[in-house]
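A.B. asks: only the shape, not the letters, is given here:
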């Protein structure tokens, strides 16, 4: 086994996300519940997106029904799909 000398550190690779690649945060209202924890969500401008529940909400068994207001994250590359991250 090799031991590290004091002061030596492992090279850590960092990933930097550019501003254009960050998720867009939006709010909407659930209009339809679909199979497989998928939802049809209406935005403020009445645009409908297909959304799924985030892993943390799934882990905590957060229940969502029609009419619930939710906060979502959407990729700037595909504005037809989103991830639900918070129930308002």
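C.D. replies: On my side now, so go ahead. Every value quoted in this text rests on a predicted model; they were computed, and no experiment measured them. Residues are numbered from 1 along each chain as shown.
A.B. asks: okay, now the unreliable bits of the chain?
C.D. replies: For the chain, applying pLDDT under 70 flags the ranges 1-21.
A.B. asks: the strands in it, which residues?
C.D. replies: Secondary structure of the chain (DSSP state E): strands located at 24-34, 38-43, 48-53, 69-74, 81-87.
A.B. asks: could the ones you listed be laid out in JSON lines, adding distance to residue 62 and mean neighbour count?
C.D. replies: In this view, the C-beta of every residue, glycine as well, is placed from N, C-alpha and C. What follows is these, written out as JSON lines (distance: least, C-beta to C-beta, whole Å; neighbours: other C-beta atoms under 10 Å):
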{"stretch": "strand 24-34", "distance to residue 62": "12", "mean neighbour count": "15"}
{"stretch": "strand 38-43", "distance to residue 62": "12", "mean neighbour count": "18"}
{"stretch": "strand 48-53", "distance to residue 62": "7", "mean neighbour count": "18"}
{"stretch": "strand 69-74", "distance to residue 62": "10", "mean neighbour count": "18"}
{"stretch": "strand 81-87", "distance to residue 62": "6", "mean neighbour count": "18"}
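A.B. asks: name the residues that touch stretch 39-47?
C.D. replies: 26-34, 48-53, 64, 70, 72, 82, 84 (C-beta atoms under 8 Å, 6 or more residues apart in numbering).
A.B. asks: how far does that stretch stretch from start to finish?
C.D. replies: End-to-end distance for stretch 39-47, by C-alpha to C-alpha, to the nearest Å: 13 Å.
A.B. asks: now find how far off-centre it is within its chain.
C.D. replies: Computed by C-alpha atoms, centre = their mean, to the nearest Å, the chain-centroid distance of stretch 39-47 equals 16 Å.
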